[in-house]
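**Student:** Quick one, structure for this:
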Amino acid sequence: MHSRLVPAYLTVFLDHVAFGLAAPTIPIALTEISGDATSSAVLIGISVSVFALAQLVASPVAGWCSDRWGRRRLLVVGSVLLSSGFLVMAAAQTASSFIIGRSICGIGAANAGVASAYVADWTVPEERARAYGWLGVAFGSAYVVAPAVGGFLGEINWRLPFAVGALVAMLNVVACKLLLKAPMPSLTASPADVVEPRGVAKLQWRRLILIAFLSSLANTVYPTTLALLVMSRYQWNIKDVGALLGAVGICTLIVQVAVYQWGARRFGPRLMLIFGLTCGIVGFVVYALAPTSGWFYAGVPIMALWAFGPPAVQSMLAEAASARDAGRMQGIHMATAAVANLAGPAIFSLLLAVQLQGGTLLGSIAYPFLASAFILAVALILSLTGLNDWSHCCSGPRRRGW
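**Tutor:** Here you go, the predicted structure:
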């Protein structure tokens, strides 16, 4: 890990600690505010949709603005918005004010794309895949501890996790101001100093965006249906689900820290993407067919290897962008994830509802997991057939004059 990238990793970590603190308390907060469990279920859906819509709109705009005015300014603005959104939710007396706070946080969540562009600015192509692997570690490690802490704070008072999240986001403002370096000279250089993406890369970035969208879409099966599926299928309780999520998080972190860095150096991002998607397909098939909870757990380490995919895609997208467009490219990438977060819950909730009409899922095949495997299979085909020339089209430095 290069020291110049540590501030960017810290920024991502603190932002997602704030999100992780609040995540388990959102259903409780909306139930307390509405006073009705049925209404809170509807409000949770609205809250998720509003957040995703705000992120969808804000991510490309934030990326473009960071190309024009610098990454540090936009990261500071994003963290201020996150802190403001959490404060609004902590003080909310009505559902509408709570959802306004969620929308503000959705805008602030555009920070993720700006941080990704910062990593692209400060790395050469040979370092980039490993650098994005560490970015994934920063993201994942935030969710190992923060939700548990947020749940503990929520037991005391449901407003407390949001207030602490606001403090963490404001701490991130200070970290951005003090630790992040100024923009690279190439970001403000004249067009003559910028090496534009080569022809093949120009054509292939759209395919990469589609692959990223399909991966994000498949991933929405987790927040949408996982808990209900395993509870109905294996007669689990909430603690069992929490233990499963903890196991997934730990295995994913091990993969990103110990395995991805080695693989990125040896094989490059394209092969890492293909391998990750293949493992994701196999893992979802194991989940779909697992007759017992033991078999389901056997799929966890296989699914953890799917974590190779996102940093590989980010690295390749950074190579497909010119120096002036890195922020916009990463913003578009984050926007596709927001679209997936809008579409995925509808798809997987419908599949689960259809399956649950027949009663419990004991001994049955889990259709939502099979659907995710199919979606990843499409992404794998796109990776195998459309990125053959990647190592040639993106070799060499992106910018002159470093």
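**Student:** Could you tell me the end-to-end distance of stretch 286-298?
**Tutor:** End-to-end distance of stretch 286-298 (C-alpha to C-alpha, to the nearest Å): 8 Å.
**Student:** Oops, could you answer that again for stretch 115-133 instead?
**Tutor:** Chord length of stretch 115-133, first to last residue, is 13 Å (C-alpha to C-alpha).
**Student:** can you pull the buried residues of that stretch?
**Tutor:** By 16 or more other C-beta atoms under 10 Å, the buried positions in stretch 115-133 come out as 115-123, 125, 127-133. (Each C-beta comes from the backbone N, C-alpha and C, glycine too.)
**Student:** again, but for stretch 30-49
**Tutor:** Leu30, Thr31, Ile33, Ser34, Ser40, Leu43, Ser47, Val48, Ser49.
**Student:** Who are the packing partners of the helix or strand hosting Pro147?
**Tutor:** Per DSSP states H and E, Pro147 falls inside helix 125-156. Contact partners of helix 125-156 among helices and strands, from 3 or more C-beta pairs under 8 Å, 6 or more residues apart in numbering; DSSP states H and E: helix 6-22, helix 111-121, helix 160-179, helix 238-254, helix 260-267, helix 269-289, helix 309-320.
**Student:** with the buried residues of stretch 30-49 in mind, which one is nearest to Ala377?
**Tutor:** Val48 (26.4 Å; C-beta to C-beta).
**Student:** ok, the closest one - contacts?
**Tutor:** Contacts for Val48 were tallied using C-beta atoms under 8 Å, 6 or more residues apart in numbering; they are Asn341, Pro345.
**Student:** Pull the CA coordinates from stretch 250-260 and hand them back as CSV.
**Tutor:** Taking C-alpha atoms only, stretch 250-260 is exported to CSV below (Å, rounded to 0.1, in the frame of the first residue of the first chain):
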residue,chain,number,x,y,z
ILE,A,250,-14.4,-11.7,7.2
CYS,A,251,-13.8,-14.0,4.2
THR,A,252,-14.1,-11.1,1.8
LEU,A,253,-11.6,-9.1,3.7
ILE,A,254,-9.1,-12.0,3.8
VAL,A,255,-9.5,-12.4,0.0
GLN,A,256,-8.9,-8.7,-0.6
VAL,A,257,-6.0,-8.3,1.7
ALA,A,258,-4.1,-11.6,1.2
VAL,A,259,-5.1,-13.0,-2.2
TYR,A,260,-6.2,-10.1,-4.5
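**Student:** For Gly78, give its distance to Gly263.
**Tutor:** 31 Å (C-beta to C-beta, to the nearest Å).
**Student:** neighbour count winner among those two?
**Tutor:** The neighbour comparison of Gly78 against Gly263 (other C-beta atoms under 10 Å) goes to Gly78, with 28 against 21.
**Student:** pLDDT weak spots in the stretch 301-402 of the chain?
**Tutor:** Along the stretch 301-402 of the chain, segments meeting pLDDT under 70 span 320-328, 358-363, 387-402.
**Student:** still on that earlier bit, state the mean pLDDT of the helix holding Pro147.
**Tutor:** The pLDDT scores in helix 125-156 average 79.
**Student:** in that helix, what counts as buried?
**Tutor:** Neighbour-count burial for helix 125-156 [16+ other C-beta under 10 Å]: 125, 127-143, 146-147, 150-151, 153-154.
**Student:** Next: stretch 292-311.
**Tutor:** Of all the residues in stretch 292-311, those buried under the rule 16+ other C-beta under 10 Å are 296, 299-311.
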